Structure formats: C-alpha cells, structure tokens
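Undergrad: When you get a sec, could you give me coordinates for this:
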Amino acid sequence: MTTERDSRPVNQETPPLPQLPSPRERFFRRERRSVPDAREFARSALEDWGVRGRTDDVLLCVSELATNALLHGVPPGRGFLLRLLAHGGDGAVRVEVHDSGGGVPAVPRAAEAGGPGEGGRGLLLVEQLADKWGVGERDPGKIVWCEFATSP
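TA: Sure thing, here's the model as predicted:
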C-alpha cells in the first residue's frame with residue numbers, strides 16, 4: 001500500500017474555496033409600497049451577485065410572496081422580513097419571506113383559483129415558476145420560501 005504525498009512546500013497556501021455571496025435581508029413595513037421596494041431590493045441583490053437567468057421568475061415570486069405576507073401574514077403594526085440567499089456552487093437562489101401571521105399557505109384547487117375573486121393565484125405562480133417552494137415554522141408565524149436554479 002502506498003501513501004500519496006503532497007509535494008507543495010509547507011508554507012504554500014492552498015487556493016481558497018469559492019465564497020458564496022452573503023445573504024441579503026431587509027425588513028419591510030406593512031405598507032403598499034413595500035412590495036415594489038422588496039422587488040427592487042431583490043433585483044439589486046441578484047445584480048450584485050451576478051445572477052443571470054431566471055431573474056424575472058425570482059422577482060415575480062418575490063412580489064407574490066411579499067403581497068401574500070402583507071395581505072394574509074402581517075398583523076397591523078408589524079412587517080415582514082425578506083431574505084435572499086445564494087447557496088451551492090451552482091448559483092441557486094433561495095427567497096424567504098418571514099411573517100408573524102398564523103396559518104399555512106396552500107395552492108388553491110383549480111376551482112378556487114379560477115373563481116371571480118382576485119386572490120388565490122399568487123402561490124399558483126410560485127409553484128409553476130420556482131423549482132421548489134414550501135413553508136417553514138417561525139415563532140411567531142411562518143417562513144414561505146422558494147428556490148431557483150440560476151446561472152452564476
């Protein structure tokens with residue numbers, strides 16, 4: 001049996017591992033302008049990270065999740081946290097919206113989504129555009145998240 005030896009000098013540094021971009025997060029108040037502000041915040045983060053591809057999908061899902069948080073998850077006087085993470089070496093992006101409201105969001109059935117009301121279509125869009133999405137626990141409230149494989 002042989003043992004492989006590293007022939008580099010002892011003080012020679014190994015190349016650094018690729019650094020993932022730092023997560024970005026921002027708190028938004030319960031106001032109408034928070035949705036476009038959240039979208040612009042996400043756009044800026046994606047540009048800074050050099051994300052190419054699926055940007056429109058990510059931004060649409062940010063808008064939908066922020067709108068849902070404001071309409072259903074943020075009690076008066078509170079707000080929501082938008083968190084963006086780049087993870088893995090493949091340029092994947094994760095969007096998280098943290099709110100303090102109760103309940104678990106769900107994709108409506110076809111009959112509910114096609115009804116005369118305006119609501120119920122946001123999570124259908126998220127389900128269709130994102131590679132994965134789900135709901136996590138938070139005390140108080142929940143985290144609604146979605147993930148996208150993108151080009152770094």
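
Undergrad: where's W49 relative to P140, distance?
TA: Between W49 and P140 the computed distance is 31 Å (CB to CB, to the nearest Å). Every residue, glycine included, has its C-beta placed from N, CA and C.

Undergrad: now swap in R94 and tell me
TA: 22 Å.

Undergrad: between those two, who's got more neighbours?
TA: Ranked by neighbour count (other CB atoms under 10 Å), R94 and P140 place R94 first, with 18 against 11.

Undergrad: Is the more buried one in a helix, a strand, or coil?
TA: Classification of R94 by DSSP: H, G, I helix; E, B strand; the rest coil places it in strand.

Undergrad: is it true that it touches L84?
TA: Yes: with contacts counted by CB atoms under 8 Å, R94 reaches L84, the gap being 7.2 Å.

Undergrad: Which secondary structure elements does the longest helix anywhere in the chain sit against?
TA: The helix that spans the most residues within the chain, counting by DSSP state H, is helix 34-49. On a contact count with 3 or more CB pairs under 8 Å, 6 or more residues apart in numbering; DSSP states H and E, helix 34-49 meets strand 24-29, helix 55-68, strand 79-87, strand 92-99.

Undergrad: Return the helix or strand in this protein with minimum mean pLDDT.
TA: helix 110-113 (a mean of 53; mean pLDDT, DSSP states H and E).

Undergrad: could you point out which element follows that helix?
TA: Counting by DSSP states H and E, the element after helix 110-113 in chain order, helix or strand, is helix 122-129.

Undergrad: Mind listing what's buried along that following helix?
TA: Counting neighbours by 16 or more other CB atoms under 10 Å, one finds that the buried residues in helix 122-129 are G122, L123, L125, V126, L129.
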